[in-house]
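Colleague: please work out how this folds:
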Amino acid sequence: MATMTNFTSDEWKKLLESPLLAGFAISAADPSGFFSTLKEGLANARALAEAKNNPSADELIKAVTADLLTADGRTNAREGVKAVATSGDFAGIKDRALAELKQTAAILDAKAPADAVAFKAWLGHIAQVVAEAGSEGGFLGFGGVKVSDKEKATLAEINTTLGI
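Modeller: Numbering: from 1, shown residues only. The predicted model follows:
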């Protein structure tokens, strides 16, 4: 099983960013109001906590979640997400997040093939949880649909990008 020592510092940073970017891509695909965005962010945090507390979780997933709980790990992950969010027009955020996830998938395939399937499935799970967190198209959180068509399309793109 792969650990932090199997990766360069830049590769490890990509792994740290990836769970945040999986959720961020969904949020950027169909931006909602304040409450839905807040629910999506909390859903991402819950998915990370679940992985940390899951005794049967893959060791690489546990290592990433443990590092995200450190000040340095959080800073590294936030810097990566911030770079995606501020490196161009708002409409391109989802595509930039997908490009970063593609790089993560390549790193996993090359450096941690035994962990790659589980890690990529975990990223897909995070995206799904975030997509289901808030209602889209309603008014003040009422009505609407749980997962919008844009979010469904982005989930498919994430799965394709990750190879799951």
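
Colleague: what sits up against the helix or strand containing E157?
Modeller: In this assignment (DSSP states H and E), E157 forms part of helix 149-162. For helix 149-162, contacts defined as C-beta atoms under 8 Å, 6 or more residues apart in numbering pick out 22, 25-26, 29-30, 94, 98, 101-102, 104-105, 120, 123-124, 127-128, 131, 136, 147. All C-beta atoms are positioned from the backbone trio N, CA, C, and that covers glycine.

Colleague: mind checking which of those residues are buried?
Modeller: Among the contacts of helix 149-162, those classed as buried by 16 or more other C-beta atoms under 10 Å are 22, 25-26, 29-30, 94, 98, 101, 104-105, 120, 123-124, 127-128, 131, 136, 147.

Colleague: sort out for me which of the residues you listed are in strands.
Modeller: With DSSP state E as the criterion, strands contain none of the buried ones among the contacts of helix 149-162.

Colleague: which elements pack onto the host helix or strand of F35?
Modeller: Element membership for F35 (DSSP H and E) is helix 34-53. With contacts taken as 3 or more C-beta pairs under 8 Å, 6 or more residues apart in numbering; DSSP states H and E, helix 34-53 sits against helix 9-29, helix 59-68, helix 113-131.

Colleague: for that helix, which positions count as buried?
Modeller: S36, K39, E40, G41, A43, N44, A47, L48, A51.

Colleague: how far away is the residue most central in space within the chain from A71?
Modeller: Centroid check for the chain by C-alpha atoms, centre = their mean gives A22 as the closest residue, at 2.3 Å. Noted for A22: a distance of 22 Å to A71, by C-beta to C-beta, to the nearest Å.
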